[in-house]
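Peer 1: I need the structure of the sequence given here:
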Amino acid sequence: MFTIRPEHREDIKEISEINDLAFKGPNEAKLVEVIRESTYFIPSFIISR
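Peer 2: From the prediction side, this is the model:
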């Protein structure tokens, strides 16, 4: 069963690793980090087990 929940600080490393694998490099994960730190960031939700 999967649960949709708010992203937690401890999720960030794993999310970055998934982005690196999905996009074959670190650029998108770095972009997500920049967006996450901006004043325009809208908190996201993740799917977890």
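
Peer 1: just the element for A22, please.
Peer 2: Secondary-structure element containing A22, defined by DSSP states H and E: helix 12-23.

Peer 1: after that helix comes which helix or strand?
Peer 2: Moving toward the C-terminus from helix 12-23, the next element (DSSP H and E) is helix 27-37.

Peer 1: report all helices and strands that that next one contacts.
Peer 2: Contacts of helix 27-37 with other secondary structure elements, assessed using 3 or more CB pairs under 8 Å, 6 or more residues apart in numbering; DSSP states H and E, are made with helix 12-23. (C-beta placed from N, C-alpha, C; glycine too.)

Peer 1: and for the helix it packs on, what's in contact with it?
Peer 2: Helix 12-23 has contacts (CB atoms under 8 Å, 6 or more residues apart in numbering) with E7, P26, E28, A29, V32, E33, R36, I46.

Peer 1: and with 7 Å instead?
Peer 2: P26, E28, A29, V32 (CB atoms under 7 Å, 6 or more residues apart in numbering).

Peer 1: that one - what's its average pLDDT?
Peer 2: Rounded to a whole number, the mean pLDDT of helix 12-23 is 95.

Peer 1: next, the buried residues of the helix holding A22.
Peer 2: I15, S16, N19 (16 or more other CB atoms under 10 Å).

Peer 1: now swap in stretch 30-40 and tell me
Peer 2: V32.

Peer 1: can I get that stretch in PDB, CA atoms only?
Peer 2: C-alpha atoms of stretch 30-40 as PDB (Å, rounded to 0.1, in the frame of the first residue of the first chain):
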ATOM      1  CA  LYS A  30      20.400  20.800  -8.300                       C
ATOM      2  CA  LEU A  31      17.500  22.700  -9.800                       C
ATOM      3  CA  VAL A  32      15.100  21.100  -7.300                       C
ATOM      4  CA  GLU A  33      17.400  22.200  -4.500                       C
ATOM      5  CA  VAL A  34      17.500  25.800  -5.700                       C
ATOM      6  CA  ILE A  35      13.700  25.900  -6.100                       C
ATOM      7  CA  ARG A  36      13.200  24.300  -2.600                       C
ATOM      8  CA  GLU A  37      15.300  27.100  -1.100                       C
ATOM      9  CA  SER A  38      13.400  29.900  -2.900                       C
ATOM     10  CA  THR A  39      10.700  32.000  -1.500                       C
ATOM     11  CA  TYR A  40       8.400  30.800  -4.200                       C
END
